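Engineer: Generate a structure from the sequence data that follows.
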Amino acid sequence: MEPFKNEFAHVRVRRIGEALKRVHPAFPVARFNKGLASALDPLELKQRMHHIADRIEACLPAHPPEVFRILVASLATDDSDTGGLRGFLVWPLTEIVARRGLPHFDQAMSALREMTQRFTGEFAIRPFLREHPQRTLKQLHAWCGHPDEHVRRLVSEGSRPLLPWGGNLTELLEPPHPTLALLEKLHRDPSDCVRLSVANHLNDFSKHHPSLVIATLGRWRAANPGDPRLEKLARHACRTLLKAGHAKALEFHGYGAAKALKLDVMELAQRKVKTGGSLGYRMILRNAARKPLKVMFDYAIHHRKANGSLSPKVFKGRIRELAPGEVWEISGRHSFKPVTTRVYHPGIHRFEPRLNGKVFTSVDFVLR
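Structural biologist: Residues are numbered from 1 along each chain as shown. This next block holds a predicted model:
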């Protein structure tokens, strides 16, 4: 897969200058493009975004509201507008609003409302939540009823306490939990992307307030029993709790006690694996209870770190309901294909099955 940083390859970034020149004839395209390729080449994704934002700012007027007007005018008006900006190329524009918009709240919010419909303003709105929390929350409440799903998604995603790449807003995790009122308005939104954001927001909360998340989901379920969209949201919101074997989360989702499960066979296809290869596993488990049992199979790979210690990463497996005495044979393969998010270190690793949150006997293997 092409690296994300290539979204800001210089041949693509030049489109920003062309789009700005179209709506602001004084924009110095040659100056914007000068040395662009060599400047971007050594940088990673977010560094490239910041560098592009620096270049744009240096080529536009000094007055922020005028800048915002020009930036918004450069956005694509619809799918047929090939000259306007959309996608990752809008990210540097939102960064400029975040940098310069705090003293110009209304104009900044207007700009982010338009930009988020072409990319996302979730990162750019966070400085406003830090500096103007009440005013920004009031704006987010107003946007809960916006006709565009991307604006409604911004409400939930931009106010996540632990947004990846966005810098944590841990103060939002503290009572009175001001963002939960936003989720109350959005958890039954017709848009899949909005409900997914609500689930991610609750998953952030689950890392600090698991009981609050279970209680909130329980109240929503009681008000809308049997709603499949809500059940999907709840599963995603509880994913961290379920991986950790949180008893109340397991109970909420109908999983039985792991003590009734017996792991009769646990074996690996090989004890040595090469980076780029895969590890085969096979296990046989049995429901020893006298009643049916809903079973969630996950597994953890304990990866070896540079200092020689092991660190577990849980991977989702599968779900099945077992009748009393029923046996379930599970087999699969875990890939060690290189990925950008993990560095593999040779040496002892560990495969660890987890059934309904309980850790069962692990098996060591060597990664070469």
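Engineer: Could you use CA atoms for every contact and neighbour count after this?
Structural biologist: Noted.
Engineer: Point out where the stretch 251-368 of the chain drops to low pLDDT.
Structural biologist: Judged against pLDDT under 70, the stretch 251-368 of the chain has no low-scoring part.
Engineer: Find the centremost residue of the chain, please.
Structural biologist: For the chain, the residue nearest the mean C-alpha position is P164 (6.4 Å; C-alpha atoms, centre = their mean).
Engineer: what secondary structure does that residue sit in?
Structural biologist: Following DSSP: H, G, I helix; E, B strand; the rest coil, we place P164 in the coil state.
Engineer: residue contacts, it?
Structural biologist: Contact analysis of P164 by C-alpha atoms under 8 Å, 6 or more residues apart in numbering lists nothing.
Engineer: Could you report the distance from it to G347?
Structural biologist: Here P164 is placed at a distance of 30 Å from G347 (C-alpha to C-alpha, to the nearest Å).
Engineer: just H177 next, same as before
Structural biologist: Distance check for H177 against G347: by C-alpha to C-alpha, it reads 45 Å.
Engineer: higher neighbour count, those two?
Structural biologist: Higher neighbour count among H177 and G347: G347, with 15 against 11, using other C-alpha atoms under 10 Å.
Engineer: Hmm, that one is touching D364, no?
Structural biologist: No. With contact defined as C-alpha atoms under 8 Å, G347 does not reach D364; the gap is 10.1 Å.
Engineer: Could you break this structure into its assigned domains?
Structural biologist: 4-252, 258-367 (automatic domain parsing).
Engineer: start to end distance for the first one?
Structural biologist: So that's domain 4-252. 38 Å.
Engineer: next one: stretch 19-35
Structural biologist: From its first residue to its last, stretch 19-35 covers 19 Å (C-alpha to C-alpha).
Engineer: residue boundaries of the strands in the stretch 201-350 of the chain?
Structural biologist: With DSSP state E, counting those that start in this stretch as the criterion, the stretch 201-350 of the chain has strands at 261-268, 272-273, 278-287, 293-304, 310-322, 327-335, 347-355.
Engineer: any idea how far V363 is from the spatially closest residue to P338 that is not a sequence neighbour?
Structural biologist: Spatial nearest neighbour of P338, excluding adjacent residues (C-alpha to C-alpha, 6 or more residues apart in numbering): G276 at 6.2 Å. Using C-alpha to C-alpha, we find G276 at a distance of 20 Å from V363.
Engineer: give me the low-pLDDT residue ranges for the stretch 101-250 of the chain?
Structural biologist: For the stretch 101-250 of the chain, no stretch is flagged by pLDDT under 70.
Engineer: Just name the most buried of the domains of the chain.
Structural biologist: Ranked by average neighbour count under the criterion mean count of other C-alpha atoms under 10 Å, the domains of the chain are headed by domain 4-252 at a mean of 18.
Engineer: how far does it sit from the chain's center?
Structural biologist: Here the centre of domain 4-252 is set off from its chain's centre by 11 Å, with C-alpha atoms, centre = their mean, to the nearest Å.
Engineer: Distance of L183 relative to H201?
Structural biologist: Going from L183 to H201 by C-alpha to C-alpha gives 8 Å.
Engineer: Next, show the common contact partners of the two.
Structural biologist: In contact with both L183 and H201: S156, using C-alpha under 8 Å, 6+ apart.
Engineer: what would the strands of the stretch 201-350 of the chain look like in a markdown table with distance to L233?
Structural biologist: Formatted as a markdown table, those follow (distance: least, C-alpha to C-alpha, whole Å):
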| stretch | distance to L233 |
| --- | --- |
| strand 261-268 | 27 |
| strand 272-273 | 37 |
| strand 278-287 | 28 |
| strand 293-304 | 17 |
| strand 310-322 | 17 |
| strand 327-335 | 27 |
| strand 347-355 | 22 |
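Engineer: quick one: what helix or strand has the residue lying closest to L182 once chain neighbours are set aside in it?
Structural biologist: Distance criterion C-alpha to C-alpha, 6+ apart; nearest residue to L182, sequence neighbours excluded, is H141 at 6.3 Å. When elements are assigned from DSSP states H and E, H141 belongs to helix 133-143.
Engineer: Following element in sequence after that helix, please.
Structural biologist: Counting by DSSP H and E, what follows helix 133-143 is helix 149-158.
Engineer: That next one to helix 133-143, inter-axis angle?
Structural biologist: Interaxial angle of helix 149-158 relative to helix 133-143 (axes from the mean of the first three to the mean of the last three C-alpha atoms, to 10 degrees): 150 degrees.
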